[in-house]
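In: Need coordinates for the below:
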Amino acid sequence: MTFRSKLFFVFTLALLLSVGLVAAGVTVITRRAFEELSEQHTQAFVAQFQREFARREEDVANRVQGIADAEATVRMAIDLSRPQADVSVYVNDANGVSKSHQLDFLDFVTSDGSIISSAEWPARFGYKLAWVAEPTNWTSIGSFLTKIDTENGPALGLVSVSVVRVGDKNLFVVGGERLGKEFLASLVFPAGMRALLYLNLSPDFQPANLLDESGAASQPERLAPIIGPMLQQAGAQAGGASDQSFRIAWTPNRASAEEFRALPLLGRGRELLGVLLVGSSQREVVILENRIIGLASIVAAAGLLLGLLLSWWSAARVTRPVRKLAEGAREVSEGNWNARVNVRGRDEIGQLAATFNRMTEQLTEQRDRLVQAERVAAWREVARRLAHELKNPLFPLQTTVENLQRAKEQSPEQFEEVFREATGILISEIENLKAIVGRFSDFAKMPEPELAPVHLNDLVRGVVRVFEAQFSAVGRPPITPELHLEENPPSIQADSVLLHRAMENLILNAMDAMPSGGVLMLRTTHDSEDVHLEIADTGTGLTTEECNRLFTPYYTTKQHGTGLGLAIVQSVVSDHGGRISVESETGIGTTFHISLPITTAGAERDDAHREATFANGTNGADGSNGTAGTPVIARSDGA
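Out: Numbers count the residues shown, from 1 in each chain. Next comes the predicted model:
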């Protein structure tokens, strides 16, 4: 894409964004205003529903209490309290009483819960209503929602229970009104709102149980994904369901969308018996949004034309110098640090060109100084560390030679004996020097990993078998290995020999950290990207200072060794694209964490990272200081 095209794109995008932001802002403000208005209407309707529901609760309770206080009901209770009372005399009483008191449901029930008479289902004479006979203060409860069995199937009713007590026996009067389309028809809806009622009369969602003020609601299956989870939630939780809000688009036209608020209707035991759905039409807000979008589109079209004109004018002023700057930057990126750009002017482009020329001059000078300084610093560090390691064996060599000279000059008769002893010391110290140089060479020239599929669990078991004899060796406290290996971890692309060597070094250091014995734990896990290995001991642990320098080459807290062991382990893990870190607490133990990638990414050797680790003493395999670790003794096997 040319610079001119980019300018056109930028100008156009800026204008479109401005228009879009204004249109979006107006749309959001309008929608929020409609939503607030809709919420106010919804709250007003919910308040109306609650007032109407409370009024009906009180009305039902009064009518049922009126039946209980009636003289005929009292005579019935007295008659039924007598021994051998004939209950069949009252089998049809509930029907007439319910009609006279305008109740949809009415049952007379004895103390043991047996139905004497039922208006909604006369054939249930003699059936049990066990919940009525339970010890309950029905007067304090008032009216409540419950499921009523009728001869036409289950129904949802607003029910109240009154008690007529004669002696030690009770006569329960259970009466109520049906909650259905008649109840919805009695409510007054604001403009653009309506209400639906779902009757929870079966375990699963039933389309026929969704009602509006005229009867069965249309398209009830569209509400099944909303009501169904509410029913399941209510069944799984003892506290019933909570209010929910959702939106449904009845047709592809956005104006058909309706915002619903679902109010759970709970029974006496907090069970979900119904759901009241208060719907608010989105038609008016959608029409207004469409008008705003149409106006914004007209303004955006005019902006496109203006953006085209501005972009062509601006491009003519800045394209040429910018192209020269781009060519100069390309030359620098290709290695020509002597590149310069010839752009004159006092504007920002001219200042940028002058700054670019000064930058390339400074980069050339700094590059030469930096390369020279890095080489000197690296070799100084190598010389310092190697001199430190060679200093210890050189002192006994010097002393031995001086002893030989004194013996030759002062005690010729004892020279042979001194010579034999001195040659042994000389050979021993020379071997020590060779070992130091060999370990230095091993660290500087680690072999590149030869990648092949490796199962980490098999590698861990193999390393542990190598040390089984040392764990329980005679004369030293036992070390108990514990393996927590994840089943079927994925294989990795790795060099099994190098990883085996690194794990041996970590186990040897763990054993050294437990001179009084202890537990050695090895654990393998994995995630989507890496396989993880933990090696933990119950040894003495380390201090904070020791932890911070743990992976520094030639650093060790032991009396013997060069301190290259963990530096080599770090190098092996790094060559495999992995990470190593430690955690330690003094007196409790140390844990090494190794993460190796499941893929082969990062498996190639990173020589620059190795040089920085050797020269500067990196403290962690991942570049961090680490938290803790175990001191390392460098051994003749490279550990």
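
In: Assumed Phe183 was part of a strand.
Out: No - with DSSP: H, G, I helix; E, B strand; the rest coil as the criterion, Phe183 is located in helix rather than a strand.

In: What degree of burial does it show, as a neighbour count?
Out: Applying other CB atoms under 10 Å, we find 21 residues neighbouring Phe183. In this view, the C-beta of every residue, glycine as well, is placed from N, C-alpha and C.

In: just use 58 as the starting number from now, easier for me
Out: All right, first residue 58 from here; so that's Phe240.

In: Now for it: which residues touch it?
Out: Going by CB atoms under 8 Å, 6 or more residues apart in numbering, Phe240 touches Arg113, Glu234, Leu254.

In: Val343 now?
Out: The contact partners of Val343, by CB under 8 Å, 6+ apart, come to Arg311, Ala312, Ala314.

In: Could you identify the buried members of those?
Out: Among the contacts of Val343, those classed as buried by 16 or more other CB atoms under 10 Å are Ala312, Ala314.

In: Need the contacts of Val343 in JSON lines (columns: distance to Arg426, secondary structure and pLDDT).
Out: As requested, the contacts of Val343 are arranged in JSON lines below (distance: CB to CB, whole Å; DSSP: H, G, I helix; E, B strand; the rest coil; pLDDT from 0 to 100):
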{"residue": "Arg311", "distance to Arg426": "68", "secondary structure": "helix", "pLDDT": "78"}
{"residue": "Ala312", "distance to Arg426": "72", "secondary structure": "helix", "pLDDT": "78"}
{"residue": "Ala314", "distance to Arg426": "70", "secondary structure": "strand", "pLDDT": "83"}
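
In: Among the contacts of Phe240, name the ones in strands.
Out: Counting by DSSP state E, the contacts of Phe240 place Glu234, Leu254 in strands.

In: Dump the contacts of Phe240 to TSV, plus distance to Val343 and neighbour count.
Out: Below are the contacts of Phe240 laid out as TSV (distance: CB to CB, whole Å; neighbours: other CB atoms under 10 Å):
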residue	distance to Val343	neighbour count
Arg113	36	17
Glu234	39	21
Leu254	26	21
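
In: With distance to Ala359 and pLDDT added, can I get the contacts of Phe240 in TSV?
Out: Shown next, in TSV, are those (distance: CB to CB, whole Å; pLDDT from 0 to 100):
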residue	distance to Ala359	pLDDT
Arg113	61	90
Glu234	64	93
Leu254	52	91
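
In: just to revisit the earlier point, pick out whichever of the contacts of Val343 sits closest to His98.
Out: Ala314 (16.0 Å; CB to CB).

In: Now do the biggest helix by length in the chain: which elements does it pack against?
Out: Counting by DSSP state H, the longest helix found in the chain is helix 60-126. Secondary-structure packing of helix 60-126 (3 or more CB pairs under 8 Å, 6 or more residues apart in numbering; DSSP states H and E): strand 200-207, strand 210-223, strand 226-235, strand 250-256, strand 314-323, strand 329-338, helix 340-390.

In: Tell me which of the ones you listed sits most buried.
Out: Sort the helices and strands packed on helix 60-126 by mean neighbour count, taking mean count of other CB atoms under 10 Å, and strand 226-235 sits at the top with a mean of 23.

In: hey, C-alpha coordinates of it in CSV?
Out: Output of strand 226-235 as CSV, limited to C-alpha atoms (Å, rounded to 0.1, in the frame of the first residue of the first chain):
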residue,chain,number,x,y,z
LYS,A,226,-59.9,-33.1,66.3
ASN,A,227,-59.5,-30.6,63.5
LEU,A,228,-61.5,-29.9,60.3
PHE,A,229,-59.3,-28.3,57.7
VAL,A,230,-60.8,-26.0,55.1
VAL,A,231,-58.5,-25.8,52.0
GLY,A,232,-59.6,-23.2,49.4
GLY,A,233,-58.2,-21.1,46.7
GLU,A,234,-58.3,-19.5,43.3
ARG,A,235,-56.8,-20.8,40.0
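
In: Okay, now the sheet partners of that strand, with direction.
Out: Strand 226-235 has the following strand partners under DSSP bridges: strand 162-166 (antiparallel), strand 210-223 (antiparallel).

In: quick check, distance from that strand to the centre of its chain.
Out: With CA atoms, centre = their mean, to the nearest Å as the basis, strand 226-235 stands 54 Å off its chain's centre.

In: what's the answer for stretch 571-579, then?
Out: Put simply, stretch 571-579 sits 36 Å off its chain's centre (CA atoms, centre = their mean).

In: now the strands for the stretch 458-607 of the chain?
Out: Taking DSSP state E, counting those that start in this stretch, the strands of the stretch 458-607 of the chain run over residues 509-511, 536-542, 549-551, 575-583, 587-594.

In: What residues does Pro211 make contact with?
Out: By CB under 8 Å, 6+ apart, the contact list for Pro211 reads Lys204, Ile205, Leu258, Ser259.

In: Quick check: the farthest pair among these?
Out: Ile205 and Ser259 (14.1 Å).

In: For the residue of the chain most remote from its centre, report the pLDDT, please.
Out: Distance from the C-alpha centroid of the chain peaks at Glu470, with 84.1 Å (CA atoms, centre = their mean). Per-residue pLDDT puts Glu470 at 73.

In: Next one: it from Arg463, what distance?
Out: Here Glu470 is placed at a distance of 13 Å from Arg463 (CB to CB, to the nearest Å).

In: re earlier: and which of the contacts of Pro211 is nearest Ala180?
Out: Minimum distance to Ala180 across these is 14.5 Å, recorded for Ile205 (CB to CB).

In: List the single closest residue to the closest one in space, sequence neighbours excluded.
Out: Spatial nearest neighbour of Ile205, chain neighbours left out: Gly214 (4.5 Å); criterion: CB to CB, 6 or more residues apart in numbering.

In: quick one, what contacts Gln105?
Out: Counted by CB under 8 Å, 6+ apart, Gln105 has contacts Leu244, Val245.

In: roughly how far apart are it and Leu333?
Out: Noted for Gln105: a distance of 12 Å to Leu333, by CB to CB.

In: One more: Leu490?
Out: As defined by CB to CB, Leu490 lies at a distance of 92 Å from Leu333.

In: for Ile487, same thing?
Out: Taken as CB to CB, the span from Ile487 to Leu333 is 97 Å.
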